[in-house]
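Chemist: Below are the sequence and a predicted model for it; my questions follow.
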Amino acid sequence: MRLGPAPRPRRVTDLLNPAAALLPAANVIMQLSAPGVGYGVLESPVDSGNVYKHPFKRARTTGTYLAAVTMGTNADRALLRAQIDRVHAMVRSRESSPVSYNAFDPRLQLWVAACLYRYYVDMHEFLYGPLDEESADAIYADARTLGTTLQVRDEMWPEDRNAFDSYWKQSLQDLRIDPPVREHLYGVATLAFLAFLPAPIRLLAGRFNLFATTGFLPAEFRGHMRMSWTADQQRRFERLLTGLRVADRVIPHEVWLLGYQLYLWDMRIRDRFGKRVV
């Protein structure tokens with residue numbers, strides 16, 4: 001059990017906690033609220049990345065990416081980029097697509113990376129309040145690799161946190177979630193892709209995950225998802241946050257880091273034996 005004040009976070013991985021590790025659906029909604037990202041995922045011909053068809057592989061790919069960009073070496077990131085590029089080459093809009101998109105578009109990748117940065121910071125601040133200025137600047141600098149591992153050019157990452165806030169506010173104006181994407185995301189929030197579970201367990205877990213997801217979503221994204229939120233729900237959500245704070249005190253931080261390390265080991269072993277990483 002950790003007692004006393006936690007050390008000041010300096011890296012993205014210092015922000016790992018039970019909320020960040022176990023409740024990612026809110027951030028998925030944020031990413032897919034950019035139409036090009038939402039339809040890119042919805043229409044992707046890469047079945048191996050479809051969460052409804054291969055939920056564990058989808059989770060492994062996401063975890064591997066986060067582990068490699070935050071804890072991996074330059075060689076790890078280069079390996080992952082080559083593997084992801086191979087998949088992204090197949091994700092392009094068709095004539096019938098409602099919007100034009102290309103998975104190699106660095107502007108879409110910048111939005112996804114920005115959401116991931118917000119994912120780590122938001123989950124920490126939900127539990128512990130705002131980061132101090134020194135920690136916030138260090139975390140922001142460390143987060144650059146969330147985008148630059150792929151096609152986001154170094155100069156595209158906003159120069160500092162003020163520039164990032166301006167980029168974020170401007171980007172919010174271009175977001176929307178159309179009904180097909182909303183249906184897909186609602187299924188993610190309710191864990192509908194875990195169809196192999198007994199119905200009572202799936203429904204109970206899905207109901208909880210939807211509640212937590214809605215609570216962690218900023219208001220503008222709840223609006224896009226047409227999710228309601230009441231004062232009573234907020235009170236229950238505060239109790240959930242209290243429980244997560246207790247869990248974070250009891251569970252050693254090394255447990256969450258071990259999860260990322262396992263993803264890295266898995267990626268390296270797969271590469272060594274010539275297996276696909278993503």
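Modeler: Arrived safely, thanks for sending. Given the structure is predicted, the values throughout are model-derived calculations rather than measurements.
Chemist: Look at G36 and say how many residues are nearby.
Modeler: As a burial measure, G36 scores 20 neighbours (other CB atoms under 10 Å). Just so you know, the C-beta spots here come from the backbone N, C-alpha and C atoms, and that holds for glycine as well.
Chemist: And for D174?
Modeler: D174 has 11 nearby residues by other CB under 10 Å.
Chemist: Give the full set of residues in contact with the closest residue in space to R8 that isn't next to it in sequence.
Modeler: Of all residues not flanking R8 in the chain, S135 sits nearest, at 4.8 Å (CB to CB, 6 or more residues apart in numbering). With contact set as CB atoms under 8 Å, 6 or more residues apart in numbering, S135 has these partners: 8-10.
Chemist: now do R202
Modeler: 191-192, 194-195.
Chemist: Going by neighbour count, which of those residues are buried?
Modeler: 191-192, 194 (16 or more other CB atoms under 10 Å).
Chemist: For those residues, please prepare CSV with the additional fields pLDDT.
Modeler: Converted to CSV, the buried ones among the contacts of R202 look like this (pLDDT from 0 to 100):
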residue, pLDDT
L191, 96
A192, 95
L194, 93
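Chemist: rewinding a little: ok, of the contacts of S135, which one's closest to Y119?
Modeler: Using CB to CB, P9 comes nearest to Y119 of these, at 14.3 Å.
Chemist: how near is the closest one to T61?
Modeler: 26 Å (CB to CB, to the nearest Å).
Chemist: And the contacts of stretch 234-242?
Modeler: Taking CB under 8 Å, 6+ apart as the rule, stretch 234-242 contacts 19, 126-127, 211-212, 215.
Chemist: Buried ones in the strand or helix carrying the residue nearest to R8, by neighbour count?
Modeler: For S135, the element it lies in under DSSP states H and E is helix 133-142. Neighbour-count burial for helix 133-142 flags 135, 138-140, 142 (criterion: 16+ other CB under 10 Å).
Chemist: And stretch 144-160, by the same measure?
Modeler: Counting neighbours by 16+ other CB under 10 Å, stretch 144-160 gives 144-152, 156-158 as buried.
Chemist: Now, these that are in helices?
Modeler: Taking DSSP state H as the definition of helices, the buried residues of stretch 144-160 contribute 145-148.
Chemist: Just the helices from this structure, written as ranges.
Modeler: 18-22, 25-32, 35-42, 55-71, 74-88, 106-128, 133-142, 145-148, 161-172, 179-189, 199-216, 219-225, 231-250, 253-272.
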